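**Student:** Quick one: sequence and predicted model below, then my questions.
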Amino acid sequence: MSNHIGLIYPILNYIILPLREEFGPGICHLDEFKKRQLPEPYFGQLTLRILDLVERYNEKVERDYPQNGKEKLRVEMLALYDADWAHWWGFNSVSQTVADKEQQDPFSGGIQCSCHVLWEEAFGDYDLDCEEVDHYHPEMLKFLIKRCVWDIFFPGEALPNYTEPSSGDLTLLDFSV
């Protein structure tokens, strides 16, 4: 079996592309934001990225999984949340392979900035810096995917085997994995 993240989690890996820094639309597209604003609660500067994520999901499912796309996404997400930390480090790694801890540049394909935005919105101002290695942990990505993917596609459903952090204190996270 391949250890490439895109082969293990094809839908999830494809749809989260807008959450990566160089690909996301950013908050500066005010006209676009006003046209597409959701009636649901405001998601801060992640709103446009989430809308793009949903569009990518619809494209991917229509093209590759017309009969069972939502169930396939559920299975991928449940598998990822059951996987060890190596899979989570791999999602943002340079090689996109399981266990690779060399993380992408936050401003060139990395997911750290989106993780930081949600982390700061949820837990208050922690003055996170995308370029600081010890200011990103895969727990932030778990939180991001839970809030920006699971809660969007499976609203009201609990995500088994996951409890959201009760604090944004990064010193509570184990970086030794």
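**Tutor:** Arrived safely.

**Student:** Look at the residue nearest to residue 87 when sequence neighbours are not counted and report its pLDDT.
**Tutor:** Leaving aside its sequence neighbours, residue 87 sits nearest to residue 98 (Cβ to Cβ, 6 or more residues apart in numbering; 5.4 Å). Using the backbone N, CA and C atoms, a C-beta is placed for each residue, glycine as well. Looking at residue 98, its pLDDT reads 92.

**Student:** Check whether residue 98 really touches residue 7, as I assumed.
**Tutor:** No - in this structure, residue 98 is not within contact of residue 7 by Cβ atoms under 8 Å, at 10.3 Å.

**Student:** what about these two, which has more around it?
**Tutor:** Applying other Cβ atoms under 10 Å to residue 98 and residue 7 shows that residue 98 carries more neighbours, namely 21 against 12.

**Student:** Please list the residues outside stretch 76-95 that contact it.
**Tutor:** With contact meaning Cβ atoms under 8 Å, 6 or more residues apart in numbering, stretch 76-95 is reached by 3, 5, 8-13, 96-104, 110-112, 136, 138-139, 141-142, 145, 149-150, 159-162, 177.

**Student:** in the protein, which helix has the most residues?
**Tutor:** helix 47-64 (DSSP state H).

**Student:** Show the subsequent helix or strand relative to that helix.
**Tutor:** Using DSSP states H and E, the helix or strand that follows helix 47-64 in sequence is helix 69-82.

**Student:** Just the C-alphas of that next one, formatted as PDB.
**Tutor:** Coordinates of each C-alpha in helix 69-82 appear next as PDB, following Å, rounded to 0.1, in the frame of the first residue of the first chain:
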ATOM      1  CA  GLY A  69     -19.000  10.500  -2.600                       C
ATOM      2  CA  LYS A  70     -20.300  11.600   0.800                       C
ATOM      3  CA  GLU A  71     -19.900   8.100   2.300                       C
ATOM      4  CA  LYS A  72     -16.300   7.800   0.800                       C
ATOM      5  CA  LEU A  73     -15.400  11.200   2.400                       C
ATOM      6  CA  ARG A  74     -16.800   9.900   5.800                       C
ATOM      7  CA  VAL A  75     -14.800   6.700   5.500                       C
ATOM      8  CA  GLU A  76     -11.600   8.700   4.700                       C
ATOM      9  CA  MET A  77     -12.100  11.100   7.600                       C
ATOM     10  CA  LEU A  78     -12.900   8.300  10.100                       C
ATOM     11  CA  ALA A  79      -9.700   6.400   8.900                       C
ATOM     12  CA  LEU A  80      -7.600   9.600   9.300                       C
ATOM     13  CA  TYR A  81      -8.900  10.300  12.800                       C
ATOM     14  CA  ASP A  82      -8.100   6.700  13.700                       C
END
